[in-house]
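S.K.: Model the following, please.
(2 chains)
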2 protein chains.
Amino acid sequence: MTNDTLASRAGLETLRLQPENLVLAEAVRAWLDSGDAGSLRSVFQDHHEADVAQVLAALRPQDTLEALRLLEIDVRATLFGYLPPKIQTAVARHMSRRELADIVSAMSHDERADLFKKLDEKERKTLLPALAQAEREDLRKLASYPEGTAGSVMTSDYAALTPDLEVSKALSELRIQAPDSETIYQVFVVDGERRLLGAVSLRDLLLARPGERVGDLMTTTVPRIAADQPREEAARLIARYDLMALPVTDDAGKLVGIVTHDDAMDVQAEEATEDFHRVGTVRNLDASVSEASIFMLYRARIAWLVLLVFGNVFSGLGIAYFEDTIAAHVVLVFFLPLLIGSGGNAGSQSATLMVRALATGDVRFSDWGFVIGREVLVAGLLGFTMALAVSPLGLLRGGVDVALVVAAAMVLIVLMGGLIGISLPFILARFGLDSATASGPLVTSIADAAGVVIYFSIATAVLPFAVTS
Amino acid sequence: MTNDTLASRAGLETLRLQPENLVLAEAVRAWLDSGDAGSLRSVFQDHHEADVAQVLAALRPQDTLEALRLLEIDVRATLFGYLPPKIQTAVARHMSRRELADIVSAMSHDERADLFKKLDEKERKTLLPALAQAEREDLRKLASYPEGTAGSVMTSDYAALTPDLEVSKALSELRIQAPDSETIYQVFVVDGERRLLGAVSLRDLLLARPGERVGDLMTTTVPRIAADQPREEAARLIARYDLMALPVTDDAGKLVGIVTHDDAMDVQAEEATEDFHRVGTVRNLDASVSEASIFMLYRARIAWLVLLVFGNVFSGLGIAYFEDTIAAHVVLVFFLPLLIGSGGNAGSQSATLMVRALATGDVRFSDWGFVIGREVLVAGLLGFTMALAVSPLGLLRGGVDVALVVAAAMVLIVLMGGLIGISLPFILARFGLDSATASGPLVTSIADAAGVVIYFSIATAVLPFAVTS
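M.R.: Numbers count the residues shown, from 1 in each chain, chains lettered A, B, ... in the order given. Predicted structure coming up:
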């Protein structure tokens, strides 16, 4: 066993595998040791490409490439498409120019555009001349859409027909287009200049009478999206209208690509994760949590942490301002974490609800009046319940006066926290800022400072002997 | 104009509409006023069923039903399927038994099972006898899977073939199954006892040579799920393997239904929303935020708020314990919110990352060693940076001693916060508890109390004149 084989085996050992893929890992291990390609090939056939790719991604790039070479070009391209981007580029660097061009030509158009974007300038320049001209232009065009747009997640290998085609001709045309199309189940109808006219499903084509034409069968109420719109809007349309594929058009209404349901699902999950992270004040983590380096995690977290420290200075200043009241009634400090914590908690609940509702489109900007009005009632009820819950504690540790101060402060602080939490997302959205960041710690920091002021103001006003200076 | 019409129009006025659907609302309004059904029908044809349903959902149930009656049964059933569940049951209550049975028969199997579950016992008993026996049994069976399982989101109207069929026969068989199948693009292959053998795509059937049989064309590496598995696992499989439909099997390996890609997308979005809410300590909100009543919101929020109040009592007790130190150095109170805030913030960042990574399967329970080890380094770096950031403030307000205490406390508190945030989701998962709830306020409460103890312990030890009692 060579050191190289050992390194690749070590990759396999640290791989986190679904139990059903242990067979796969075992076969790869045997192949690394003995070089028995035949049995590896047959094990690959018994597993889904996504699973094979997971196992191959754990090997040294050279070994991943050797394993890929055992397979036919179509399977190789599919498998390669399932590898994580970092592994793809690492493996691509070990390929000859011809080999890379072959695999790129066989990949689906959106996946190869994603790979192309990850290559450096020099690698792109090596790859492009090896491709056919049409592929070169398609690749350049797809890779040119900015990250985060519908254009950046679309693919150009869609099936299209013209409206004048008869059903039988349309079906033979689809048989020709099938090998190069991401889907032939949802077919788009275009005119001579590729302007989108409608859509027809393969089901309707199969069920149609022989003489009918595509134009008679197509539906014209086809949801569509412009290439420069956000990719999450594409995912939202696909979810709303239960689509298999959403057509993407350019400024002139011409069909330039489609976003497929599986890519929309990935977009939806990634956007949810980004929102989660933003709410937790973690920014721009350009990798999955399991793959992120220590420095990436540090960078994603430090800015907000430092910012929030200085946000908390305001709470400190509030406390310093009421130092006399505190000195006269040290018992008040006992209730401080509990009161300002409740304001922050109520606020972060409201912000959580609002951020997610705005992100999913459940609540819109124009709903702010209704939503804030309802929050006054909900937070008022919550505050009242909380005041009842802490009153006995107030009585126990500070007597009637302190209990009254704590109860009154609780109602006001929870109400204020709820209102801050519900408003901040709207206010940030109003100024075109990212509303997800409004949640959690930012709301908590503001609610904390406001809570300090509310609590000690009430205490200073109510407790007669509080003013000692 | 009658009062009833006014009520329905009022529903339309308060409807939040996509701009492109204003035409639709205008047409419905004209129909309510004039009763001109012909032009309404033609406007309906120009719009997607999901959009028409959105507008109809705003009317009084009687008017929604009147509008539905203008349409053919298939379109009516599709449209009805797009109505929100509450509106569906309200409209159903105005239908005759025959009318309801017709629409239920024409609906997709999963949607009608969802409707059935929403009906009360009496309504079910009225509906069932009006259905054909096969439909009755199918409905009872689908409705019997517990909420949250793969079985509860699957549909039984899938297309299935036997392996011995020749391609041409298979295609004619699919034409017969097409009108009653949710999808004919992904076809499942079963034996005489409906055990799942494999899958074949319509594309492969269309491209096959005439003599080939389904068994030759099918792939046997078909991801599948048991009906009692969680629905989010079904969504995860569909996303991972880019599936159009995932077959669902019973204990005996027999095919009982499929989960389709569009339903998987809805499940994925709903699960993300639930996780969001749980992280923000909002529990079991059984409606969208825009539809939830004040009482529903109150109930979803109050339990955690009260629980967290008592969590904060520990911070209060910590402070009370160190009252002497505080009395001797009131300046320490200024730094209190800032220090314990930082611990809570770092903790909620870690928890956010972990909860989401566990939910998406990016990190697994067995990874805890690696993840916690890495967090020690990241949180250590973060704490060190934060200590540098607050030191000038410490010098300014309290001199060298206080600056040292604050800096040392900051490093330890951020480290501790990060570790609590990263560990709690694992610990809860270990005990089979819901890890999403570990984030945000719960982590913050624990980190707060620990922060108070760390800070004042260091202060008491370092500041020589601190002990005054």
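S.K.: all contacts plus neighbour counts: C-alpha atoms, from now on.
M.R.: Fine.
S.K.: which ones are touching residue A:67?
M.R.: Residues near residue A:67 by Cα atoms under 8 Å, 6 or more residues apart in numbering or on different chains: residue A:56.
S.K.: any idea which helix or strand carries it?
M.R.: Taking DSSP states H and E as the criterion, residue A:67 maps to helix A:61-69.
S.K.: what's the offset of that helix from the middle of its chain?
M.R.: Computed by Cα atoms, centre = their mean, to the nearest Å, the chain-centroid distance of helix A:61-69 equals 31 Å.
S.K.: helix or strand right after it?
M.R.: Going down the chain from helix A:61-69, the next helix or strand is helix A:73-82, by DSSP H and E.
S.K.: Any buried residues in the helix or strand just after that next one, and which?
M.R.: Following helix A:73-82 in sequence order, the next helix or strand is helix A:85-92 (DSSP H and E). Within helix A:85-92, the residues scored as buried using 16 or more other Cα atoms under 10 Å in any protein chain shown are A:85, A:87, A:88, A:89, A:90, A:91, A:92.
S.K.: same deal with stretch A:242-252?
M.R.: Using 16+ other Cα under 10 Å as the test for burial, stretch A:242-252 gives A:242, A:243, A:244, A:245, A:246, A:247, A:248, A:249.
S.K.: hmm, back to that, the buried residues of helix A:85-92 into TSV, with extra columns for distance to chain B and pLDDT?
M.R.: Listed next are those as TSV, based on distance: Cα to the nearest Cα, whole Å; pLDDT from 0 to 100:
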residue	distance to chain B	pLDDT
A:85	15	86
A:87	17	89
A:88	18	92
A:89	21	91
A:90	21	92
A:91	22	93
A:92	23	92
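S.K.: between the residues you listed, which is closest to residue A:395?
M.R.: Nearest to residue A:395, judged by Cα to Cα, of the buried residues of helix A:85-92 is residue A:85 at 61.9 Å.
S.K.: So residue A:199 belongs to a helix, correct?
M.R.: No. Counting by DSSP: H, G, I helix; E, B strand; the rest coil, residue A:199 falls outside a helix, being strand.
S.K.: give me every residue that touches it.
M.R.: By Cα under 8 Å, 6+ apart, the contact set of residue A:199 is A:186, A:187, A:188, A:189, A:218, A:219, A:220, A:222.
S.K.: That one: what's its closest spatial neighbour, skipping adjacent residues?
M.R.: residue A:188 (4.4 Å; Cα to Cα, 6 or more residues apart in numbering or on different chains).
S.K.: Let me see the ranges of the helices in the stretch 301-450 of chain A.
M.R.: Counting by DSSP state H, counting those that start in this stretch, residue ranges of the helices within the stretch 301-450 of chain A are A:323-328, A:331-360, A:368-430, A:440-462.
S.K.: let me redo that: the stretch 51-200 of chain A
M.R.: Along the stretch 51-200 of chain A, counting by DSSP H, counting those that start in this stretch, helices occupy A:61-69, A:73-82, A:85-92, A:97-106, A:109-118, A:121-127, A:133-143, A:150-153, A:167-177.
S.K.: what pLDDT, on average, does the fifth one get?
M.R.: Same thing as helix A:109-118. Mean per-residue pLDDT for helix A:109-118: 91.
S.K.: As CSV, could you dump the C-alpha coordinates of it?
M.R.: The C-alpha coordinates for helix A:109-118 follow below in CSV (Å, rounded to 0.1, in the frame of the first residue of the first chain):
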residue,chain,number,x,y,z
HIS,A,109,-25.5,23.6,-18.7
ASP,A,110,-26.1,25.2,-15.3
GLU,A,111,-23.6,22.9,-13.5
ARG,A,112,-20.9,23.6,-16.0
ALA,A,113,-21.4,27.3,-15.7
ASP,A,114,-21.1,27.0,-12.0
LEU,A,115,-17.8,25.0,-12.4
PHE,A,116,-16.6,27.6,-15.0
LYS,A,117,-17.2,30.4,-12.4
LYS,A,118,-15.0,28.6,-9.9
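S.K.: worst-scoring helix or strand of chain A, pLDDT-wise?
M.R.: Ranked by mean pLDDT, DSSP states H and E, the weakest helix or strand in chain A is helix A:3-13, scoring a mean of 71.
S.K.: and that helix, what does it pack onto?
M.R.: The contact analysis (3 or more Cα pairs under 8 Å, 6 or more residues apart in numbering or on different chains; DSSP states H and E) places helix A:3-13 against helix A:22-34.
S.K.: Tell me the gap between the helix it packs on and the middle of its chain.
M.R.: 34 Å.
S.K.: what's the helix or strand just after that helix packed up against?
M.R.: Once helix A:22-34 ends, the next helix or strand along the chain (criterion: DSSP H and E) is helix A:37-45. Packing contacts for helix A:37-45, counted by 3+ Cα pairs under 8 Å, 6+ apart, involve helix A:22-34.
S.K.: angle of the helix it packs on against helix A:37-45?
M.R.: With axes from the mean of the first three to the mean of the last three Cα atoms, to 10 degrees applied, the angle from helix A:22-34 to helix A:37-45 works out at 160 degrees.
S.K.: Does anything pack onto helix A:22-34? Which helices or strands?
M.R.: Judged by 3+ Cα pairs under 8 Å, 6+ apart, helix A:22-34 is in contact with helix A:3-13, helix A:37-45, helix A:49-56.
S.K.: Check the average confidence over that helix, would you?
M.R.: Mean per-residue pLDDT for helix A:22-34: 87.
S.K.: Pull out the buried positions in that helix.
M.R.: Within helix A:22-34, the residues that qualify as buried by neighbour count (16+ other Cα under 10 Å) are A:24, A:25, A:27, A:28, A:29, A:30, A:31, A:32.
S.K.: Just name the closest of the residues you listed to chain B, please.
M.R.: Nearest to chain B out of the buried residues of helix A:22-34 is residue A:24 (Cα to the nearest Cα; 12.8 Å).
S.K.: if we can go back for a sec, nearest to residue A:461 among the buried residues of helix A:85-92?
M.R.: residue A:85 (62.8 Å).
S.K.: out of the helices of the stretch 301-450 of chain A, deepest packed?
M.R.: helix A:331-360 (a mean of 27; mean count of other Cα atoms under 10 Å in any protein chain shown).
S.K.: what about that helix and chain B, any contact?
M.R.: Yes. Residues of helix A:331-360 are located near chain B by Cα under 8 Å from any Cα of the partner chain, namely A:331, A:333-339, A:341-342, A:345-346, A:348-349, A:352-354, A:356-357.
S.K.: Now do that helix: distance to the chain's middle.
M.R.: Chain-centre distance of helix A:331-360: 25 Å, with Cα atoms, centre = their mean.
S.K.: Which neighbouring elements make contact with it?
M.R.: helix A:368-430, helix A:440-462, helix B:261-279, helix B:294-321.
S.K.: and among the helices and strands packed on helix A:22-34, the most buried is which?
M.R.: Of the helices and strands packed on helix A:22-34, the one with the most neighbours on average (mean count of other Cα under 10 Å) is helix A:49-56, at a mean of 22.
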